[in-house]
Every structure is written in C-alpha cells, then in structure tokens.
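Peer 1: build me a model from this:
(chains A and B)
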Amino acid sequence: MGRYEVIESMAVADCALDIEADSLDDLFVTAARALTELMVDPAGVSADVEREIALTAPSLDLLLFDWLSELIFLKDSEQLVFTEVSVHVDGSSPTRLEARLRGAALDPARMTLRADPKAVTFHQFAVAARDGGWRARVVIDI
Amino acid sequence: MKAVPVADCIWEIPPSEKPGMLVPARLYASERLLAAMDAGVFEQITNVACLPGIVRAALCMPDGHWGYGFPIGGVAAFRTDTGVISPGGIGFDINCGMRLIRTSLTEDEVRPRLRELVDALFAAVPSGVGSRGFVPLTDDAFREVMVEGAAWCVRHGYGWPEDLAATEGGGRLPGADPAHVGARALQRGRSQLGTLGSGNHYLEIQVVPRGGIHDARVASAFGVERAGQVLVMLHCGSRGFGHQVGTDYLRLFDEAMPRYGITVRDRELACAPFRAPEGQAYFAAMNAAANTAFANRQVITHRVREVMSRVFGRDPRSLGLDVVYDVCHNTAKLERHVVDGETLELCVHRKGATRSFGPGAPDVPDAYREVGQPVIIGGSMETGSALLVGTRHAMEETFGSTAHGAGRTMSRAQARRQVRGETLIEAMEARGVVVRAASRSGVAEEAGLAYKDLDEVVDVVHRLDVSRRVVTLEPMGNIKG
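Peer 2: You can find the predicted model right below:
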C-alpha cells in the first residue's frame, strides 16, 4: 500500500503532497486516496455508487494530472467522493488508465467534510521511478 | 536571493540575481513582513520577472506568500503586443473577490438576534465541499451569465440595478465568450451559482469598532458613518466553473508553449502570447469565469437581503442593504498605464492583489470618483478586515494595485495541530463572535494564528500610499465553508 505525506513548508495556503508507492497502479490509487482524505473523513463514506474511468494522456505525469483533475471534476459535477479505487495504468506511450471506483455523494449530515480542492497545479509537479518504486509530488489548490 | 531596500517598505531583487530576469522584482513590505515571507515568494516573483513582455517590474504585495506560479500577492503587467497571459498569474479561482454590503443597523440592534441571523445565513447560503446553489440554470442560461455577469442576476430579480455600479467593471467584464469555455467547465459549475465554497471563503457580519473610522470624509462617501454600524462582507469566487477553466487552459498552454518557443521556470507559469489564438481564447474564457464570480457574489447578496429582511422584519431597502463595492483579486485585465513616459495597453495580472484606482481613474463609479475606489481587504476570521481607498500614487507605483488580505504564514496542517476547530469556535463565541461552519477542521485552518498581522499589512500599503486606511471592521458572526 502506497504512502503520502503533506509537505507543510510548501505553498502554505494549499496542499503539497509527496506520494510514494511500489507500483504505478498503487501510485495512482494512493494519490486518489490522498485527494479523498483531503475532502472528507473517509470513515463516513459508504461505497454505494460505482463509476468507471478511462483516460489517455501523452505522458505519465499528464496522466496523473488528468486522473486527479477528473476526481475533482466529479466532486463538483456529481458531488461524488470515492473510497474504494482500483486502477490499472499502462505507462507505455500514449499512457492510459482504466479505473473502477466506489464511493458516495457528499452529504454533510453523514460525513465529516474537510476542504474543497479547486485544481491540480503544475507547481513542482513530478512523477518519477525511484528505488524500484514510484514517487510523485503534487500541489493541490485549496 | 537578496532583496535590497530601495525606499521605505520597498525592496528590490535586481535582474542580475537570476538568469532570464527581464525586469527587477519589487517586494512591498516592512522588515518584519519581509522576514515572514517564505522562500517560495522570492523564487516565484523572480520567475515571474522572466516572463516575456513583462514591463517595469514583477511586484509582490505585503501579504505575499508562497503560491503556485505567481506568489499570492503577485502583480505583473505585460505588453499586449509582445507579452503573454498566464493562468498561473490569475489562479484557478478566477475573480475570487470581496464584496462589502453596508446596513443601517447598529451592533445594539443586531446582537440580540445575532445567532438567529448567522444560523439563517448559514442555512440560506450553501457552503462547503460538494454544495449546490439555489439558482436553477439551463446550459443556455449559464452561458448568458458568463456574458452578462451580475447584470444577469439583476435582470432575473437577484439584486438591485444600483448594485452594478458598485461592482468593479460594472459586474460584467468585456470579452467573455462562452464559445471558448469547455463542456466540462459548464457541467462542473452550472449547479454552483450562489455557493460560498470552502477554504478561506466566508460570509461575515462585521461592525465598525470604536475608533475604527480613520478617514471620516471617505468613509462617509462609502456610506460608513459611525462606530457601531453593521456591515456584511463576503469572500468567494467563480467556484468549480472557474477552477475548470483554469485547469483546461493550463493543460492547453503546457502543450502550446513549445510552439511559441516559450520556456518558463515553473511549469505552473505556462502561458501563451496574449495575441495568439490560445491567449485570446483563454482571455475570453477567463472573462466568462470572472463574470460568473460577479454573479455568484450578486445572488449571495440577494440571499443576504432576503435573510436580513426576514430576521429583522423589515424591507431590505429600509435596512439600507446597499453594496459598498465588489472587488476582484484574481484577474488579468486590460488597462492603460504609463511606462517610461509612454501610455501602453497592458494585460495586468493580479493574483491575490486588489485593484486600487484613485480619484478620477477610469471605472471608478461616479459616487466614488472624487475619493477613489473602495478597496476591501479581508483578514482572518478572528481578527477582522479593512476598508481602504485607492490612490493616484498606486497608478504610478503598482499598476493601480494593493494587498488583498492578511496573507498566510502557516500551513493548514500546522494550524490544525495548533488549534482544534471546536476550541476556536468556543473561544470566538466567548468573545462575542458567532461561527457556523461546514467543516470544523476548515475553521482550525483559518485561525488568526495562521495569518500575518492585518494591521501591519494595511500600515505598509498606507505608508506606501498605494491605498489609504479608511475603516477597520471587526467580526460579529462568521459563516465558513
């Protein structure tokens, strides 16, 4: 299971994340988990809505950018957050992913709400293979 | 990177400090505020100084802090013939801004009903992540909002005709074109008109404290007559619609830059020549988003009037619920400024900076033409806010710009560690400030300890004469997302 850490010294009004995982699939799953945990306490989210997402992008970093942007889009367009996420990433060019997500509509009566992410930024944005695993840095505008 | 003092509260980083800088970077701050600016500010403002077509200097206001692309508090003006436009110089929350509404009510009249008022406003103005607005819009109606801005709201009964004159740009920026807005932006934002959002956005009941009027003549011109007068301030922007416009064009510019031979020091500064098709398309979409932000603040104003009328049992006009002014602090606007003796049309980017036009300047409403435009600077939820006035000197020094807030000094996570939301709400209630929030952790993140001293920020812009102190405002009730 991947790990993420909030980098507090960067972009203090926003949320800078360092994300690490053993595999590319897990990197994308962990990034989605970090984003969900930014928005709500996942403990209050029942997984009763299902969505499938397929994306292609010219490069791996843009695929991660588009993936997180898609989840932010669904938060506003359908008020959905996801707590169960599986992703398969194909890193060969053009990169692509297929994801299956389960989650629920945001409900302040049943969930502990946190922040409302606006967008993924390109500030210090990076995705790289490292020490046999994968690492990404993403700053989310809050 | 060394900032050299060049005048009182003005520091400069010369172009020799970083390869590629075309102009110096100028920071406006006291010694203490400069020391409080994080390293990212210096890196980012000097990156801005490298962008093609920038004139005079890249500027950072005293509330500046580490953002993405531009620092928050960043101002830069680019020639429209040879310069660029950059979403990273505006922010995703296009036309995030402040609106101030005065009332004829006094603190003594409001305090007995304060909790009822705050509860009613919290119920009437949707806030927090995932909230939906109360104005039903078809796609075609939303496209009308993009073009007409606050005027669409007034036309549909969500406001008074005179609200428009009390809004920057009349609440409708020219050049908005829905044809340059993607379907996803429309889909994302259509249901959010009339929502506050989250983070540092708020709706606040405020009072003029004793000794809070610093310039009685200008305060009177703004309809603020006495200590104890109650006002309503709101801080929000273009919501998911603007955020998606920013995302779509950032992505587009990232791929377009190589075609124009542009390289940037921070990928978030992705840009396109202003006159290129991509630059013009973004400008049209950004203006559409700016107009929806005006509309958002306009329909919330309508809600405020409805709620206050109900709570106090009086017609909103008899409560004197007039808009003092509505200012943008995340935009790029076409303005004419004098540079090296020549009047140029410039694309002035302000990211976390407020326009501060002085007496007689274009777009200052007739009612304020003799004194200058109102400048609304929002502080933290604990410490209050400030009403200032624009100056002629700002046109010469800062392209007619000033600060927009107190400016953060602490990360959100650190603020959460230092104070719990519940504890802060209780402490504020003990001081007579009623708080309702969609997110308790969000309240902790916005604690006063996470921000610079607003008085010091206001003192710096006053000393610099890029805006002048008029009224201090203290919170009585706060609604947060």
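Peer 1: and the gap between the nearest residue to B:Arg420 once chain neighbours are set aside and B:Tyr368?
Peer 2: Using Cβ to Cβ, 6 or more residues apart in numbering or on different chains and skipping the chain neighbours, the partner closest in space to B:Arg420 is B:Ala444 (6.0 Å). All C-beta atoms are positioned from the backbone trio N, CA, C, and that covers glycine. Relative to B:Tyr368, B:Ala444 is positioned 38 Å away (Cβ to Cβ, to the nearest Å).
Peer 1: what residues does stretch B:360-370 touch?
Peer 2: B:165-166, B:168-169, B:221-222, B:325, B:336, B:357-359, B:372-374, B:390, B:392, B:395, B:400 (Cβ atoms under 8 Å, 6 or more residues apart in numbering or on different chains).
Peer 1: off-centre distance for it?
Peer 2: 20 Å (Cα atoms, centre = their mean, to the nearest Å).
Peer 1: now do the same end-to-end measure for it.
Peer 2: 6 Å (Cα to Cα, to the nearest Å).
Peer 1: residue closest to the middle of chain A?
Peer 2: Nearest to the geometric centre of chain A sits A:Ala32, at 2.5 Å (Cα atoms, centre = their mean).
Peer 1: what about the helices in chain A?
Peer 2: According to DSSP state H, chain A carries its helices in the segments A:24-39, A:60-77.
Peer 1: would JSON lines of these with mean pLDDT and distance to B:His302 be doable?
Peer 2: Converted to JSON lines, the helices of chain A look like this (pLDDT from 0 to 100; distance: least, Cβ to Cβ, whole Å):
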{"stretch": "helix A:24-39", "mean pLDDT": "98", "distance to B:His302": "29"}
{"stretch": "helix A:60-77", "mean pLDDT": "97", "distance to B:His302": "22"}
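Peer 1: dump those into a markdown table; add distance to chain B as well.
Peer 2: Listed next are the helices of chain A as a markdown table, based on distance: least, Cβ to the nearest Cβ, whole Å:
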| stretch | distance to chain B |
| --- | --- |
| helix A:24-39 | 5 |
| helix A:60-77 | 4 |
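Peer 1: export those helices as a markdown table, with columns for distance to B:Tyr282.
Peer 2: Shown next, in a markdown table, are the helices of chain A (distance: least, Cβ to Cβ, whole Å):
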| stretch | distance to B:Tyr282 |
| --- | --- |
| helix A:24-39 | 26 |
| helix A:60-77 | 17 |
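Peer 1: partners of the one helix or strand B:Val348 maps to, with directions?
Peer 2: Per DSSP states H and E: B:Val348 is located in strand B:342-351. Sheet pairing of strand B:342-351 (DSSP bridges) gives strand B:70-79 (antiparallel), strand B:330-339 (antiparallel).
Peer 1: next structured bit after the first one?
Peer 2: As assigned by DSSP H and E, the chain's next helix or strand after strand B:70-79 is strand B:84-85.
Peer 1: next one: B:Ser238 from B:Glu429, what distance?
Peer 2: From B:Ser238 to B:Glu429 the distance is 32 Å (Cβ to Cβ).
Peer 1: of the two, which one has the most company?
Peer 2: Neighbours were counted for B:Ser238 and for B:Glu429 using other Cβ atoms under 10 Å in any protein chain shown; B:Ser238 has more, 35 against 12.
Peer 1: so what's that one scoring on pLDDT?
Peer 2: Here the pLDDT value assigned to B:Ser238 is 98.
Peer 1: list the contacts for it?
Peer 2: Contacts here follow Cβ under 8 Å, 6+ apart; on that basis B:Ser238 touches B:93-96, B:189, B:245, B:289-290, B:292-293, B:296.
Peer 1: so which of those are also by chain A?
Peer 2: B:93, B:189 (Cβ under 8 Å from any Cβ of the partner chain).
Peer 1: now do the strands in chain A.
Peer 2: A:3-6, A:15-21, A:49-57, A:80-90, A:95-105, A:119-120, A:126-130, A:133-141 (DSSP state E).
Peer 1: out of those, flag the one nearest B:Pro87.
Peer 2: strand A:119-120 (9.6 Å; Cβ to Cβ).
Peer 1: what lies in contact with that closest one?
Peer 2: Counting by Cβ under 8 Å, 6+ apart, residues outside strand A:119-120 touching it are A:65, A:68-69, A:72, A:138-141, B:92, B:243-244, B:246-247, B:250.
Peer 1: how far away is the residue nearest to the residue nearest to the centre of chain A when sequence neighbours are not counted from B:Arg188?
Peer 2: Ranked by Cβ to Cβ, 6+ apart and with sequence neighbours excluded, the top spatial neighbour of A:Ala32 is A:Val85, at 4.7 Å. Relative to B:Arg188, A:Val85 is positioned 20 Å away (Cβ to Cβ).
Peer 1: the two: which is more packed in?
Peer 2: Per other Cβ under 10 Å, whichever of A:Val85 and B:Arg188 has more neighbours is B:Arg188, with 25 against 22.
Peer 1: what helices or strands is the strand ranked longest in chain B leaning on?
Peer 2: The longest strand of chain B (DSSP E) is strand B:468-480. Helices and strands touching strand B:468-480, by 3 or more Cβ pairs under 8 Å, 6 or more residues apart in numbering or on different chains; DSSP states H and E, are helix B:114-124, strand B:202-207, helix B:216-221, strand B:229-236, strand B:385-389, strand B:434-437, helix B:454-464.
Peer 1: make it 6 Å
Peer 2: helix B:114-124, strand B:202-207, helix B:216-221, strand B:385-389, strand B:434-437, helix B:454-464 (3 or more Cβ pairs under 6 Å, 6 or more residues apart in numbering or on different chains; DSSP states H and E).
Peer 1: return the most buried member of those.
Peer 2: strand B:385-389 (a mean of 27; mean count of other Cβ atoms under 10 Å in any protein chain shown).
Peer 1: next one: whatever helix or strand comes next after that one to chain centre, how far?
Peer 2: Remark: after strand B:385-389, the chain's next helix or strand is helix B:392-397, criterion DSSP H and E. In terms of Cα atoms, centre = their mean, the centre of helix B:392-397 is set 19 Å apart from its chain centre.
Peer 1: whichever helix or strand comes after helix B:392-397 pairs with which strands?
Peer 2: Helices and strands here follow DSSP H and E; after helix B:392-397, the next one along the chain is strand B:401-402. Sheet partners assigned to strand B:401-402 using DSSP bridges are listed as strand B:354-355 (antiparallel).
Peer 1: which other helices and strands contact the next helix or strand after the strand it pairs with?
Peer 2: Per DSSP H and E, strand B:354-355 leads on to strand B:374-377 as the next helix or strand towards the C-terminus. Helices and strands touching strand B:374-377, as assessed by 3+ Cβ pairs under 6 Å, 6+ apart, comprise strand B:323-328.
Peer 1: pLDDT on the strand it packs on, on average?
Peer 2: 98.
Peer 1: list the neighbouring strands of it plus their orientation.
Peer 2: Short version: by DSSP bridges, strand B:323-328 pairs with strand B:97-106 (antiparallel).
Peer 1: and the helix or strand just after the strand it pairs with, how far out from the chain's middle?
Peer 2: Using DSSP H and E, the next helix or strand after strand B:97-106 towards the C-terminus is helix B:107-110. Centroid separation for helix B:107-110 versus its chain: 28 Å, with Cα atoms, centre = their mean.
Peer 1: what's helix B:107-110 in contact with?
Peer 2: Helix B:107-110 is contacted from outside by B:207, B:228, B:230, using Cβ atoms under 6 Å, 6 or more residues apart in numbering or on different chains.
Peer 1: now stretch B:391-402
Peer 2: By Cβ under 6 Å, 6+ apart, the residues outside stretch B:391-402 that reach it are B:59, B:75, B:77, B:337, B:348, B:350, B:353-358, B:375, B:461, B:465-467.
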